[in-house]
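> Below are the sequence and a predicted model for it; my questions follow.
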Amino acid sequence: MFDVSKHTLHVYRMPRVSAVTNLCATTIRNKLNPSGPFYDPDFPQPIKLGKSAIGWLSSEVEAWILSRPKATVLPPSRPKAVSFLKATAVNPENRDAFQ
């Protein structure tokens, strides 16, 4: 049986879920729509809090975030010297414009 005294339950409303996941509310709704093209069966299902209020268990939202693949950060590419020189070369016909 679940012992509430050992766990702190938090319920996130839409603005908090949006902030924590870095997804807009529309994207979250799309992930919850089984007939839509962006449906994500792994995304946490909301719980009903009242007549029209819903929320998400914080533990489920955080578990979903941790289940996402880690992003690969690539080092920034350096511009090639040739293309840099071409981009900064002064056209002899317009030389007076740069003086």
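Looks like it arrived, so ask away.

> Count residues in the vicinity of residue 9, would you?
9 (other C-beta atoms under 10 Å). The C-beta positions use only the backbone N, C-alpha and C, and glycine is treated the same way.

> Revised request: answer the last question for residue 31.
Count around residue 31 with other C-beta under 10 Å applied: 18.

> what's near enough to touch it?
Counting by C-beta atoms under 8 Å, 6 or more residues apart in numbering, residue 31 makes contact with 23, 38-40, 43.

> can you put the residues you listed in a markdown table and add neighbour count, secondary structure and pLDDT?
Output for the contacts of residue 31, formatted as a markdown table (neighbours: other C-beta atoms under 10 Å; DSSP: H, G, I helix; E, B strand; the rest coil; pLDDT from 0 to 100):
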| residue | neighbour count | secondary structure | pLDDT |
| --- | --- | --- | --- |
| 23 | 15 | coil | 96 |
| 38 | 12 | coil | 94 |
| 39 | 12 | coil | 96 |
| 40 | 15 | coil | 96 |
| 43 | 20 | coil | 97 |
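
> farthest-separated two in those?
23 and 39 (13.9 Å; C-beta to C-beta).

> Within its sheet, name the partner strands of the longest strand belonging to the chain and how each one runs.
For the chain, the longest strand by residue count, based on DSSP state E, is strand 54-57. Using DSSP bridges, the strands paired with strand 54-57 in its sheet are strand 11-12 (antiparallel), strand 47-48 (antiparallel).

> Residues contacting the first one, please?
What it means is strand 11-12. 20, 47, 49, 55-58, 61.

> Work out the gap between the longest strand of the chain and the centre of the chain.
Strand 54-57 sits 19 Å away from the centroid of its parent chain (C-alpha atoms, centre = their mean, to the nearest Å).
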